[in-house]
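Q: structure for this input, please:
(3 chains)
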Amino acid sequence: MPELPEVETIKNELIPHVAGRLIIGVVVDDDRLVRPYSIGEFCHKLLGQRVTRLSRRGKYLMFHLSSSNVLIAHLRMTGSLVINSTGDEAHTRAVLQLDNGDQLAFVDRRRLGVMWLAKNEDEVAAKLGAEPLTAEFTAEVLAKKLQCRQAPIKAVLLDQAVVAGIGNMYADEALFAARIHPLKKAGDLPSREIEKLYKVIVNVLQSAIENKGASVDTYKRPSGEQGTAHYEFNVAHRRGETCHVCGTAIERIAIRNRGSYFCPNCQKL
DNA sequence: CCCGGAACCTGAAGGC
DNA sequence: TGCCTTCAGGTTCCGG
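A: Sure, this is the predicted structure:
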């Protein structure tokens, strides 16, 4: 699933193909993909625009346009952005043709992904919590977001208004790295553990970016290549396998209907 | 505001 | 071989 490290990788690898380019063709064949306009209006407003730069906020990818509008993409569960796919790519929902000959395809098996045209990026950025790899994210900021919350820490970490960009995999990985049980009440964490959690969130995300994201399920980079971050997972998607630290079998429980993987020995309630 | 669950969506996987 | 159910999880919406 595309979380912050995956979207960051996609952004970085799209920049050489897309930044500064003119959009000379737009094809959309799924009316649920685009907002807030009809397919026709959406294509019309995009055609002839130049992509001045790309940016990312949380799991949102922004294409800044010469009209000063922003094309915002969210890949949700199974979306991917592919440069120059061979044409037989299944589940292609939209294709942008660029003036350098490159084609950018939005591919999404489960059709939950969205692209929309916004006046500016604040339309999504405003409701998000701190951006974890910037100076605005500190242990104090995290502590403030966690205090008084009665929900399990795992559920709170998935709240994009707490920290932007953390999803199911990296929440599990961060909680393991901090040795915190996913069901522990967020508001009960002592400041020492919040400090630790803050540090490992940054480390886990940075290291996953260095590995170009985790290719579990359908994630792939714009080139079609896979990321390698999942090879370093300690708990995510490792039910029944042994803990790298203590050898105990990794367990999976459901929290808010999300699979949560943890080591019952390293992460005690 | 906070919390938990359902809905959205489709392909894979497992049970019988 | 095939039908059916369950599972995957990012976001949004809704009821308590």
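Q: make it CA atoms for all contacts and neighbour counts henceforth
A: Noted.
Q: next one: residue A:3 from residue A:137, what distance?
A: 17 Å (C-alpha to C-alpha, to the nearest Å).
Q: more neighbours, those two?
A: Taking other C-alpha atoms under 10 Å, residue A:3 and residue A:137 do not tie; residue A:3 has more neighbours (24 against 17).
Q: residue contacts, the more buried one?
A: For residue A:3, the contact set (C-alpha atoms under 8 Å, 6 or more residues apart in numbering) comprises A:58-59, A:165-167, A:170.
Q: show me which of those are buried.
A: Applying 16 or more other C-alpha atoms under 10 Å to these, the neighbour count classes A:58-59, A:165-167, A:170 as buried.
Q: which among these gets closest to residue A:33?
A: Each of the buried ones among the contacts of residue A:3 was checked against residue A:33 using C-alpha to C-alpha; the closest is residue A:59, at 16.5 Å.
Q: quick check: pLDDT value at residue A:110.
A: Residue A:110 is assigned a pLDDT of 92 by the prediction.
Q: and the contacts of stretch A:68-80?
A: If you take C-alpha under 8 Å, 6+ apart as the criterion, stretch A:68-80 is touched by A:1-2, A:59-65, A:106-121, A:217-222.
Q: how about the CA coordinates for stretch A:188-195, as CSV?
A: Extracted as CSV, the C-alpha positions of stretch A:188-195 are listed here (Å, rounded to 0.1, in the frame of the first residue of the first chain):
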residue,chain,number,x,y,z
ASP,A,188,-1.3,6.3,28.7
LEU,A,189,2.1,6.4,27.1
PRO,A,190,4.7,7.9,29.3
SER,A,191,6.8,10.7,27.8
ARG,A,192,9.8,8.5,27.6
GLU,A,193,7.9,6.1,25.3
ILE,A,194,6.5,9.0,23.2
GLU,A,195,10.1,10.3,22.8
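Q: is DNA strand B contacted by that stretch?
A: No: for stretch A:188-195 and DNA strand B, the contact criterion (C-alpha under 7 Å from any atom of the strand) is not met; the two come no nearer than 10.5 Å.
Q: tell me if the helix or strand containing residue A:8 is near DNA strand C.
A: Using DSSP states H and E, residue A:8 falls within helix A:4-18. No: contact between helix A:4-18 and DNA strand C, assessed by C-alpha under 7 Å from any atom of the strand, is absent, since the two come no nearer than 8.9 Å.
Q: if we can go back for a sec, so how do I select the buried members of the contacts of stretch A:68-80 in ChimeraX?
A: The ChimeraX selection below is limited to those of those classed as buried (16+ other C-alpha under 10 Å):
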select /A:1,2,59,60,61,62,63,64,65,106,107,108,111,113,114,115,116,117,118,120,121,219,220,221,222
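Q: out of the contacts of stretch A:68-80, which touch DNA strand B?
A: Within the set of these, contact with DNA strand B (C-alpha under 7 Å from any atom of the strand) is found for A:109-112.
Q: what does the stretch 51-200 of chain A put close to DNA strand C?
A: Taking C-alpha under 7 Å from any atom of the strand as the criterion, the contact residues of the stretch 51-200 of chain A with DNA strand C come out as A:58-60, A:74, A:76-77, A:112, A:158, A:160, A:165, A:167-169.
Q: which bits of chain A sit near DNA strand B?
A: With C-alpha under 7 Å from any atom of the strand as the criterion, chain A comes near DNA strand B at residues A:91, A:109-112, A:148-152, A:155-156, A:255-257.
Q: quick one: the strands in the stretch 1-150 of chain A?
A: Counting by DSSP state E, counting those that start in this stretch, the segments of the stretch 1-150 of chain A that form strands are A:23-28, A:34-35, A:51-57, A:60-65, A:70-74, A:79-83, A:92-98, A:103-108, A:114-118.
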